[in-house]
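**Q** model the structure of this input:
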Amino acid sequence: MEIKRDDVTGPEIIGLITEHLQSMHLHSPPESVHALNLDGLRSPDVTFWTIWDQQELLGCGAVKELDGSHGEIKSMRTASAHLRKGVARRMMEHIIEEAKQRGYKRLSLETGSMEAFEPARKLYENFGFEYCGPFGDYAEDPYSAFMTKELK
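**A** Residues are numbered from 1 along each chain as shown. As a prediction, this is how the structure comes out:
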């Protein structure tokens with residue numbers, strides 16, 4: 001698996017992000033969907049990576065810088081054909097390492113609280129993320145689960 005910084009312009013990644021947004025809207029009310037669209041992922045405060053096996057896109061992930069010591073994980077997605085192959089685990093390892101290199105003291109994330117998001121929550125728990133209250137511009141939302149991890 002090779003991880004590359006991505007400019008979010010290739011047809012494969014546009015397709016994966018479109019699938020990601022459709023899935024978020026399928027499982028969450030519109031006001032509770034906090035996934036970034038393509039333009040949001042191209043924002044200067046967001047770093048976006050894709051993970052590949054040769055020419056095949058396996059998944060993606062991003063970090064939005066909230067401030068110089070705090071990053072937010074965004075757009076973690078594994079392509080449907082590659083679920084349960086370690087793609088998300090590999091991307092999480094990359095994101096955590098990158099956050100440490102940047103000097104972040106904390107990584108946080110928002111994910112869904114419904115059953116469809118249980119695999120994602122379990123992944124984050126396995127990486128040491130703990131449940132917390134809303135952070136940044138988020139508000140309390142019964143459809144959201146907020147998690148954070150202090151980096152050492």
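**Q** so which other helices or strands are in contact with the helix or strand of the chain with the lowest mean pLDDT?
**A** Lowest by mean pLDDT, DSSP states H and E among the helices and strands of the chain is helix 11-27, with a mean of 93. Under the contact definition 3 or more C-beta pairs under 8 Å, 6 or more residues apart in numbering; DSSP states H and E, helix 11-27 sits against helix 38-41, strand 56-67, strand 70-78. Just so you know, the C-beta spots here come from the backbone N, C-alpha and C atoms, and that holds for glycine as well.
**Q** give me the contacts around the last one.
**A** What it means is strand 70-78. Outside of strand 70-78, the residues within contact range by C-beta atoms under 8 Å, 6 or more residues apart in numbering are 16-17, 19-20, 35-36, 41, 46, 48, 58-66, 85, 87-88, 91-92, 95, 99, 102, 104-110, 120, 135-136.
**Q** tell me how far that strand is from the chain's mean position?
**A** 2 Å (C-alpha atoms, centre = their mean, to the nearest Å).
**Q** which strands border that strand, and is each parallel or antiparallel?
**A** In the sheet, strand 70-78 lines up against strand 56-67 (antiparallel), strand 106-112 (parallel) (DSSP bridges).
**Q** if I take the following helix or strand past it and strand 106-112, what angle do their directions form?
**A** Per DSSP states H and E, strand 70-78 leads on to helix 87-102 as the next helix or strand towards the C-terminus. Calculated by axes from the mean of the first three to the mean of the last three C-alpha atoms, to 10 degrees, helix 87-102 forms an angle of 150 degrees with strand 106-112.
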